[in-house]
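Engineer: Sequence and predicted structure below; questions after.
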Amino acid sequence: MIQFSSNANDSNPQRRYTQEQVEAILQRALQRQQVNNSGNISHDDLIETAQELGIDPSQLEMAIMEQSEVGEVEDAKKTWIAQQKRSFHEHLRSYLIINGILLLINIMTGDPFWAMWPILGWGIGLAFDAANTFWPSDKEIEKGARKVVQRQMRERQKQQRELQRQQKFTIETKGSKLVIQKGNKRLEIG
C-alpha cells in the first residue's frame with residue numbers, strides 16, 4: 001500500500017491507495033492534463049514528479065530506457081499488423097477485380113461455368129491470407145515486429161551514413177591553390 005497525506009479539509013486524514021489505484025489515478029490525471037496542455041510532459045517535469053514521489057533518478061532513467069525499448073517493439077507490432085491488413089486488402093482487391101472479369105467473360109461466352117474453379121482456388125488462398133492477417137499468432141507478430149525494427153534500424157543507419165557523407169569534406173592542392181570542398185561548397189585559397 002502507498003500512503004499519502006491528504007488535505008486538512010478531508011474528513012479522513014489518512015487515505016490509503018493500492019499500487020493499482022495510484023497508477024490509475026496518475027494515469028487519469030495525466031490524461032486530463034493532456035487535454036488542458038500541449039499533451040506532452042518534459043523530461044525535467046518527469047524527473048521532478050518522480051523525485052516528489054520518492055523515486056530514485058537512476059531508477060527513473062532505467063525505466064525510461066526500458067519504456068523506450070518496449071514502446072519501440074509495441075509500435076513495430078502495430079506497424080506490422082497495419083502492413084498485413086494493407087497487404088490483405090490489396091490481395092482482396094485483386095481477387096475481386098480479376099475474378100469479376102473472369103466471371104463476366106464466362107457469362108458473355110455462354111460456356112459452362114468454368115469461372116468457379118479460379119474463384120474457388122484463389123478464394124481458398126485468400127481465406128488463408130485473411131486468417132493470417134486478422135488472427136495472427138503471437139509468434140508471427142513477434143517475428144514481424146522484429147523485421148520492422150530491423151528495417152527501421154537499417155533506415156536510421158542509412159540516414160546517419162548519408163549525414164556523415166554530407167558532412168565530410170575534401171582538401172586538395174591544385175597547382176599553388178589549396179581547394180577545400182564540402183558538399184556543393186568550395187573554397188579556394190591562394
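Structural biologist: Cool, the structure landed. Residues are numbered from 1 along each chain as shown.
Engineer: Outline the domain layout of this protein.
Structural biologist: Following automatic domain parsing, one finds the domains of the chain at 2-60, 71-169.
Engineer: gap between residue 131 and residue 99?
Structural biologist: 19 Å (C-beta to C-beta, to the nearest Å). From N, CA and C alone the C-beta is placed, and that goes for glycine too.
Engineer: Who has more neighbours out of the two?
Structural biologist: Set residue 131 next to residue 99 and count neighbours by other C-beta atoms under 10 Å: residue 99 wins out with 18 against 10.
Engineer: any idea what the spatially most central residue of the chain is structurally, helix, strand or coil?
Structural biologist: Centroid-nearest residue in the chain: residue 75, 3.0 Å away (criterion: C-alpha atoms, centre = their mean). Secondary structure for residue 75, judged by DSSP: H, G, I helix; E, B strand; the rest coil, is helix.
Engineer: what separates stretch 100-110 from the chain centre, distance-wise?
Structural biologist: Here the centre of stretch 100-110 is set off from its chain's centre by 44 Å, with C-alpha atoms, centre = their mean, to the nearest Å.
Engineer: in it, what's buried?
Structural biologist: Residues 102, 106 are the ones in stretch 100-110 that count as buried (16 or more other C-beta atoms under 10 Å).
Engineer: Which one of the domains of the chain has the poorest average confidence?
Structural biologist: Lowest mean pLDDT within the domains of the chain: domain 2-60, at a mean of 72.
Engineer: How about the contacts made by residue 85?
Structural biologist: Shown in contact with residue 85 (C-beta atoms under 8 Å, 6 or more residues apart in numbering): 133, 134.
Engineer: For it, identify the helix or strand it belongs to.
Structural biologist: Using DSSP states H and E, residue 85 sits in helix 57-109.
Engineer: which residues of this structure fall in helices?
Structural biologist: Assigned by DSSP state H, the helices in the chain fall at 19-36, 43-52, 57-109, 116-134, 138-167.
Engineer: out of the ones you listed, which comes closest to residue 186?
Structural biologist: Closest to residue 186 of the helices of the chain is helix 138-167 (C-beta to C-beta; 14.7 Å).
Engineer: could you say what helices and strands that closest one packs with?
Structural biologist: Other elements packing on helix 138-167 under the criterion 3 or more C-beta pairs under 8 Å, 6 or more residues apart in numbering; DSSP states H and E are helix 57-109.
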